[in-house]
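Participant: Below is the structure, and that's it, no one-letter string:
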């Protein structure tokens, strides 16, 4: 009887926890082309108000220079790295025009719609290609993805938004986007949403570093603040638990006028979030490709193995076991190296000698065995894998999957 009472009490606690668990929702705000030093120097109030609940820190943009993951620091490229959790060698977006995304690398929105209970999604964006091309709404290749709440198309409406000097009609787009996002978050509360703010990039292209660029960074901060207040309204009045992520897609050249290369300032991204972050984030190691797995973790989304084994990021929330996989050729071997956070964690090692996945075919992975994370290095015979010029690896731990390519 004593044991029965203990089990009954435990069951009651589980039921109570299930009943009182807060519904979780996430919103991502991407502000275009604002380097980290500018945010820090201006101490943008809304961004730091959000970070006061969680964290503000580095966000690597552009992959690892000189390796397969090197990625241009260009707007649409950064958006797609954030959405898919992969670098350009996978998602296949290298610029802002003539876009041909590799849709087999699933976006956050496609993952959201593949859940047992599909999540309600929203996009608030001045650049329509974010939805129609990058997310691939309605395309066969994305499983006919549909976004539930759409507020975009302002860039295609020259009647309402006629051209203005210094591209200020783009700032008008952002004002409309902000109004729509604030209203929709308050009233519709999508489970996953993306807000895109454009004009800061134009302001810097036109004026470079200076008072005008600063002015529009601060104005974008005010726009972010309105959305942040809508999130807090939902938390206060509806008992929901929200994750807000604010970031940029790329930094800028030293004079502020351009971007696209790999100078330190062009790669100097940042992330602000209201959620508590892990040591990986606090140590300044976060990357733009980490947004996808972090939001997935917060929302409790299930990610298919074949998708997870292709993502290049890890979550900056919660526990980690391993970090920072590098793959180096050595004669007829590949040397895999990583950093162990939990040395005794079990890590399953997989390899593939081709890239069938990117060709839209099922990927055959070979399980090379299970090791302890603390080993921190593994030598793999390429001959035994049948690999010549290409091989890819996935290290799967209880908390993340690290991926890497060897390209000769």
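Facilitator: Perfect, I can see it now. All values reported here derive from a predicted model rather than from experimental measurement.
Participant: in the stretch 101-250 of the chain, which spans are strands?
Facilitator: 121-125, 149-151, 192-197, 241-247 (DSSP state E, counting those that start in this stretch).
Participant: Of all these, which one is nearest residue 304?
Facilitator: Closest approach to residue 304 among those (CB to CB): strand 192-197, 17.2 Å. No exception for glycine: its C-beta is placed from N, CA and C like everyone else's.
Participant: related to what we said a few turns ago, just name the most buried of the strands of the stretch 101-250 of the chain.
Facilitator: For the strands of the stretch 101-250 of the chain, average neighbour numbers computed from mean count of other CB atoms under 10 Å are highest in strand 192-197, which has a mean of 27.
Participant: who touches that one?
Facilitator: For strand 192-197, contacts defined as CB atoms under 8 Å, 6 or more residues apart in numbering pick out 25-32, 79, 83, 108-109, 112, 119-127, 130, 149, 174, 177-178, 181, 184-185, 220, 223-224, 227, 295, 299.
Participant: how is the protein carved up into domains?
Facilitator: Residue ranges for the domains of the chain, per automatic domain parsing: 22-308, 322-407.
Participant: With mean pLDDT and distance to residue 314 added, can I get the ones you listed in a markdown table?
Facilitator: Compiled in a markdown table, those are given as follows (pLDDT from 0 to 100; distance: least, CB to CB, whole Å):
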| stretch | mean pLDDT | distance to residue 314 |
| --- | --- | --- |
| domain 22-308 | 97 | 6 |
| domain 322-407 | 96 | 4 |
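Participant: Including distance to residue 255, could the strands of the stretch 101-250 of the chain go into a markdown table?
Facilitator: Formatted as a markdown table, the strands of the stretch 101-250 of the chain follow (distance: least, CB to CB, whole Å):
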| stretch | distance to residue 255 |
| --- | --- |
| strand 121-125 | 28 |
| strand 149-151 | 34 |
| strand 192-197 | 22 |
| strand 241-247 | 23 |
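Participant: how far out from the middle of the chain is stretch 58-68?
Facilitator: Put simply, stretch 58-68 sits 14 Å off its chain's centre (CA atoms, centre = their mean, to the nearest Å).
Participant: ok so, going back, out of the contacts of strand 192-197, which are inside helices?
Facilitator: Per DSSP state H, helices hold the following members of the contacts of strand 192-197: 79, 83, 108-109, 112, 174, 177-178, 181, 184-185, 220, 223-224, 227, 295, 299.
Participant: residue contacts, the nearest residue to residue 205 once chain neighbours are set aside?
Facilitator: Distances taken as CB to CB, 6 or more residues apart in numbering place residue 257 nearest to residue 205, at 6.1 Å, with adjacent residues excluded. Taking CB under 8 Å, 6+ apart, we find residue 257 in contact with 204-205, 208.
Participant: repeat that for 10 Å
Facilitator: With contacts defined as CB atoms under 10 Å, 6 or more residues apart in numbering, the neighbours of residue 257 are 204-209, 213.
Participant: Quickly find the element holding it.
Facilitator: According to DSSP states H and E, residue 257 maps onto no helix or strand at all.
Participant: Angles on the backbone of it, please.
Facilitator: With angles defined as degrees, to the nearest 10, residue 257 sits at phi -80, psi -30.
Participant: do the same with residue 273
Facilitator: Torsion angles, degrees, to the nearest 10, at residue 273: phi -150, psi 150.
Participant: Return the distance of the residue nearest in space to the middle of the chain relative to residue 249.
Facilitator: Taking CA atoms, centre = their mean, the centroid of the chain lies closest to residue 291, which sits 2.6 Å from it. Residue 291 is 11 Å from residue 249, where distance means CB to CB, to the nearest Å.
Participant: swap in residue 164?
Facilitator: Separation of residue 164 from residue 249 (CB to CB) stands at 24 Å.
Participant: more neighbours, those two?
Facilitator: Taking neighbours as other CB atoms under 10 Å, residue 164 and residue 249 compare with residue 249 leading, 26 against 11.
Participant: residue contacts, the more buried one?
Facilitator: Taking CB under 10 Å, 6+ apart as the test, what residue 249 contacts is 30-34, 59, 61, 73-82, 196, 201, 259, 269, 288.
Participant: Narrow the residues you listed to just the buried residues.
Facilitator: With neighbours counted by 16 or more other CB atoms under 10 Å, those contain buried members at 30-34, 59, 61, 73-82, 196, 201, 259, 269, 288.
Participant: so residue 326, which of the three states?
Facilitator: Assigned with DSSP: H, G, I helix; E, B strand; the rest coil, residue 326 falls in the strand class.
Participant: Residues in a beta bridge with the nearest residue to it once chain neighbours are set aside, which ones?
Facilitator: Excluding its sequence neighbours, the residue lying closest to residue 326 (CB to CB, 6+ apart) is residue 337, at 5.0 Å. For residue 337, the beta-bridge partners are residue 326, residue 377 (DSSP bridges).
Participant: hmm, who's touching stretch 156-172?
Facilitator: Contacts to stretch 156-172, defined as CB under 10 Å, 6+ apart, come from residues 32, 126-128, 153-155, 173, 176, 197-203, 205-207, 212, 216, 219-220, 223.
Participant: same thing but 6 Å
Facilitator: Stretch 156-172 has contacts (CB atoms under 6 Å, 6 or more residues apart in numbering) with 128, 154, 198-199, 202, 206.
Participant: Which ones among these map onto helices?
Facilitator: Among the contacts of stretch 156-172, the residues falling in helices (DSSP H) are 199, 202, 206.
Participant: Is it correct that the first one is in contact with residue 174?
Facilitator: Yes - in terms of CB atoms under 6 Å, residue 199 counts as a neighbour of residue 174; the distance is 5.1 Å.
Participant: if I pick residue 182, what's in contact with it?
Facilitator: Residues near residue 182 by CB under 6 Å, 6+ apart: 226-227, 230.
Participant: Neighbour-wise, which one of those residues leads?
Facilitator: Top of these by neighbour number is residue 227, holding 26 neighbours under the definition other CB under 10 Å.
Participant: How much space separates that residue from residue 174?
Facilitator: For residue 227, the distance to residue 174 - CB to CB - is 12 Å.
Participant: And residue 257, by the same measure?
Facilitator: Note on residue 257: its distance to residue 174, by CB to CB, is 20 Å.
Participant: Restricted to buried residues, select the contacts of residue 257 in PyMOL.
Facilitator: The PyMOL command for the buried members of the contacts of residue 257 (criterion: 16+ other CB under 10 Å) is given here:
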select buried, resi 204+205+207+208+209+213
